[in-house]
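Engineer: Could you work out the structure for the sequence below:
(one chain, ligands or ions: 1)
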Amino acid sequence: MESDKIFSPFKIKNFTLKNRTGVAPMTRMSASTDGIPRQDVFEFLVRRAKNGAAIIYTEAILTDYESAQGYPGQARIVTQKQIDAWKPVVRKIQQEGAIAILQMFHCGRMSWPEVNPAGRTVAPSGIAPTQDNPLTQSPYPVPEMMSRFDISHVISGFVETARGAIEAGFDGVEIHGAHGYLISQFLSWYSNGRDDEYGGSTENRFRFFHEVIQAVSKVIPKNRLLMVRVSNWGIADMDVSLFESKEDYQKTISLLSLEPVDAISVSTYEYNQPAFGTDRNMARLTREMTDLPLLICGGIHDRASAENALDDADIILVGKSLLLNPDWIDDVRADRDLKRYTSEEAAVAYTPEPLP
Ligand SMILES: Cc1cc2nc3c(=O)[nH]c(=O)nc-3n(C[C@H](O)[C@H](O)[C@H](O)COP(=O)(O)O)c2cc1C
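Structural biologist: Alright, predicted model coming up:
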């Protein structure tokens, strides 16, 4: 039956997902100086698995102590204590029949010196975002252009974090290449003004992502997943198309297809919006270039939008609706009338009160 697509299984490498739904990665800013999220934030993830989501993503986890951090209260997974804190959470998610994926990122020019232990802000080029930091309402600092040494140091942070995730039992990791953070800054014509082999052509701007993927893939066992996330929008670059053109985007997707990745996750503001002046949405433009499993996210909030989004992708990820409604999967199964939540409503993610 066509309408059962949402609840049909999907095979991704050696995993069979029980359905096509997942909790999108969502930062909660709940960690104290130990870099470990609050207990209720862990329990929130387990409850979404219990409700029936097939994939549970963590919030974006920082990749190093030097310059990665962009928000207060972010988590890391490089000390034994941090790794041990995630172990029971991962186990419980798996016991509920879901897979657990750790997302990792470096904020690059969107890092925030005040909360960054080393107080540095590094990026492909010395170009600051034009928008203000949404949390402080003040301008971002002009970043230091990354040297070759910085590049290899930052890549080691991704590798160490992936090792931590594997040690904690995660089924896989996702490298966050979206939303205008460091990898996205290298990919984008808008923030990458380098004239060395990391800047200029699409292939050159892709080089940093390639090096991160290659290095991380070496520490991911064959029976775990390596995923990547991309987007054409950035948190501090809201009015900008981060990819210069459809050709630039599709070339990047075809380069990603040659990498040892198991799935591509595409983040949009609105999954069905036509992109790059074409009549096709981001999922369709991605699908044209790759046979890899494809995840889509953005504005999916009820059964109709979930089904519609699955016309062009294999899996839907849901952010705000799964943040604010712990029964969302059951509600979709029952085809209940479901509201669309706003970003303002989602800001509750950052308060100390536990979410249901
Ligand atoms: C509170 C909150 C935190 C988020 N944190 C992250 C994050 O850590 N990593 C990420 O890739 N996206 C993050 N996002 C974006 C979501 O993953 C998702 O792409 C976005 O909310 C659009 O999906 P939706 O319309 O279903 O909410 C966050 C969104 C929200 C609402």
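
Engineer: neighbours around residue 355, how many?
Structural biologist: By other Cβ atoms under 10 Å, the residues close to residue 355 number 16. C-beta: built from backbone N, CA, C; applies to glycine.

Engineer: quick one, phi/psi of it?
Structural biologist: Residue 355 adopts backbone torsions of phi -90, psi 150, taken as degrees, to the nearest 10.

Engineer: tally of neighbours for the residue found closest to it once you drop the neighbours it is linked to in the chain?
Structural biologist: Spatial nearest neighbour of residue 355, chain neighbours left out: residue 44 (5.4 Å); criterion: Cβ to Cβ, 6 or more residues apart in numbering. For residue 44, the count of nearby residues is 23 (other Cβ under 10 Å).

Engineer: for the residue in the stretch 251-356 of the chain positioned nearest to the ligand, what are its contacts?
Structural biologist: Closest to the ligand within the stretch 251-356 of the chain is residue 319: 2.7 Å, counting by Cβ to the nearest ligand atom. Neighbouring residues of residue 319 by Cβ atoms under 8 Å, 6 or more residues apart in numbering: 23, 24, 26, 297, 346.

Engineer: at 7 Å instead, please
Structural biologist: Residue 319 is in contact with 24, 26, 297, counting by Cβ atoms under 7 Å, 6 or more residues apart in numbering.

Engineer: roughly how far apart are it and residue 256?
Structural biologist: 22 Å (Cβ to Cβ, to the nearest Å).

Engineer: helices or strands up against the biggest helix by length in the chain?
Structural biologist: Counting by DSSP state H, the longest helix found in the chain is helix 148-167. Judged by 3 or more Cβ pairs under 7 Å, 6 or more residues apart in numbering; DSSP states H and E, helix 148-167 is in contact with helix 80-95, strand 99-105, strand 172-176, helix 202-217.

Engineer: Serialize those to JSON lines and add fields for mean pLDDT, distance to residue 166 and mean neighbour count.
Structural biologist: Output for those, formatted as JSON lines (pLDDT from 0 to 100; distance: least, Cβ to Cβ, whole Å; neighbours: other Cβ atoms under 10 Å):
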{"stretch": "helix 80-95", "mean pLDDT": "98", "distance to residue 166": "10", "mean neighbour count": "17"}
{"stretch": "strand 99-105", "mean pLDDT": "98", "distance to residue 166": "9", "mean neighbour count": "26"}
{"stretch": "strand 172-176", "mean pLDDT": "99", "distance to residue 166": "8", "mean neighbour count": "28"}
{"stretch": "helix 202-217", "mean pLDDT": "98", "distance to residue 166": "10", "mean neighbour count": "19"}
